[in-house]
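Asks: Here is my input, please return the structure:
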Amino acid sequence: MGMLTTLSKPMNQTKKAATYTDDAQLISQLQDEIILKFSDLITDIEQEKLPEHLLKSEIHKLVEMHKGIFNIENIKQQLFDRLFGYGFLQPLVEDRSISDIDVLRYDYILIKREGRLILSDLKFEDEATFERYCRLVIIRNGGMLNEVDSHCRVSDTKYALRINASIKPRNTSGATLSIRKHPIECYTLENLVDMRFMTRIQKDKMLQYNQGKKNIIICGKGGSGKTTLLRSLLNTVDEFERVLICESDQEVYPQKPNVISQCIKKDYLGGSKRTLEMLIKDGLTMSLDTYCIGEITGVEAWDLIQAGHTDHRILSTVHASSPEDLFLRILAMIENRTRLSELTLLRMIVNSIDVIVYLNRFQISRIVEVCGFDDVKRTPILEDIL
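Replies: Numbering: from 1, shown residues only. Next comes the predicted model:
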């Protein structure tokens with residue numbers, strides 16, 4: 001932090017030459033100061049709320065201090081290129097055959113292309129450079145990453161990315177970065193048949209459920225295709241079905257005009273805060289037919305189950321190892337939200353779900369209909385369809 005402070009103070013030419021030995025070192029230090037001072041401005045420019053010349057003006061002021069020692073025009077251009085764009089990862093971001101970019105450490109980068117993991121020969125210069133990169137990517141997309149908030153998840157709506165980054169002290173092994181890419185154009189159900197994500201019989205069944213406005217929960221582990229299927233289903237809803245999507249970070253990207261998409265407001269810098277629970281509750285006053293949560297991860301599960309229990313349609317995804325495990329996962333999320341007994345809650349969950357689709361390795365593995373509740377065994381009655 002000390003070096004960041006000295007950058008804003010006047011320096012004579014000799015001191016500048018002694019402090020910075022090359023362009024790369026100067027650029028790194030200036031980048032740190034710009035991120036520290038102008039994080040809100042960077043976010044607003046990335047989201048096209050403000051013109052980029054405002055930041056270029058600030059960059060110009062900082063770089064002018066080093067006039068005569070460095071090629072300042074080159075420094076300014078390199079700084080702006082670093083601040084906007086994904087650097088040497090940009091070609092991977094734009095490559096449509098790549099679905100995931102995982103930087104497990106600064107010199108170890110895995111990519112997933114067409115479902116297969118590949119070790120990339122790309123690497124960052126060192127740990128400090130990589131951590132700086134993580135902070136910038138998160139800040140640019142409206143998040144915060146520092147020693148206090150050492151993990152953050154954001155969305156890049158321009159490239160349809162979900163980005164997770166962690167640094168020390170949460171990570172003892174160094175910074176990590178995970179980028180999940182969503183197709184800009186969602187797959188149709190017919191596309192998913194061609195990709196062997198589902199069979200044609202399964203496709204017809206999913207269409208039948210969707211047209212019948214069934215309550216559908218999609219489960220499986222991370223990367224199994226839950227969001228992919230959810231997007232495809234939303235793209236086939238009836239044009240008069242009024243749908244509200246609630247997400248922590250934008251991932252579904254609806255393409256139909258009758259679908260409203262909302263995201264929570266994260267409280268990085270103070271002020272009011274919106275949660276998934278609040279979005280669902282507010283939606284109850286909007287005369288909606290269907291509630292969709294991109295992914296159930298916590299207490300919002302209770303509000304979704306209540307919506308499903310009061311004759312609203314619900315669609316969502318959840319991490320679960322099987323259709324049977326799904327009920328226990330949801331029960332664990334909502335058990336502390338109410339004084340109702342576990343048995344009553346389980347009955348409510350069962351009554352709120354019509355169909356469970358279980359995915360494994362980017363394929364539909366099971367389609368299960370929920371047929372009721374066995375009061376003797378105290379378990380859901382499930383029937384495997386396909």
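Asks: Just the pLDDT for residue 212.
Replies: With respect to pLDDT, residue 212 scores 93.
Asks: nearest residue to the spatially most central residue of the chain other than its sequence neighbours?
Replies: Note on the chain: the residue nearest the mean C-alpha position is residue 162, at 3.2 Å, using C-alpha atoms, centre = their mean. Excluding its sequence neighbours, the residue lying closest to residue 162 (C-beta to C-beta, 6 or more residues apart in numbering) is residue 180, at 4.2 Å. Every residue, glycine included, has its C-beta placed from N, CA and C.
Asks: three-state assignment of that neighbour?
Replies: Here residue 180 is strand, with the state taken from DSSP: H, G, I helix; E, B strand; the rest coil.
Asks: Quick check: it touching residue 100?
Replies: Yes: contact criterion C-beta atoms under 8 Å: residue 180 and residue 100 qualify, at 5.7 Å.
Asks: if I look at the two, which residues touch both of them?
Replies: residue 223 (C-beta atoms under 8 Å, 6 or more residues apart in numbering).
Asks: separation between residue 334 and residue 33?
Replies: 46 Å (C-beta to C-beta, to the nearest Å).
Asks: What of residue 298?
Replies: Separation of residue 298 from residue 33 (C-beta to C-beta) stands at 37 Å.
Asks: Residue 245 too?
Replies: From residue 245 over to residue 33 the distance is 39 Å, taken as C-beta to C-beta.
Asks: again with residue 191
Replies: Taken as C-beta to C-beta, the span from residue 191 to residue 33 is 47 Å.
Asks: In terms of neighbours, single out the busier of these two.
Replies: residue 33 (17 against 14; other C-beta atoms under 10 Å).
Asks: Report the secondary structure state of that one.
Replies: helix.
Asks: Could you tell me the per-residue confidence at it?
Replies: At residue 33, pLDDT is 81.
Asks: from memory it sits against residue 59, does it?
Replies: No: using C-beta under 8 Å, residue 33 makes no contact with residue 59, being 10.2 Å away.
Asks: Dump stretch 38-45 to CSV, restricted to CA.
Replies: Only the C-alpha atoms of stretch 38-45 are listed here, as CSV (Å, rounded to 0.1, in the frame of the first residue of the first chain):
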residue,chain,number,x,y,z
PHE,A,38,-11.2,4.5,-9.3
SER,A,39,-12.8,1.2,-8.8
ASP,A,40,-16.4,2.6,-9.1
LEU,A,41,-15.4,4.5,-12.2
ILE,A,42,-14.0,1.3,-13.8
THR,A,43,-17.2,-0.6,-13.0
ASP,A,44,-19.4,2.2,-14.5
ILE,A,45,-17.4,2.3,-17.6
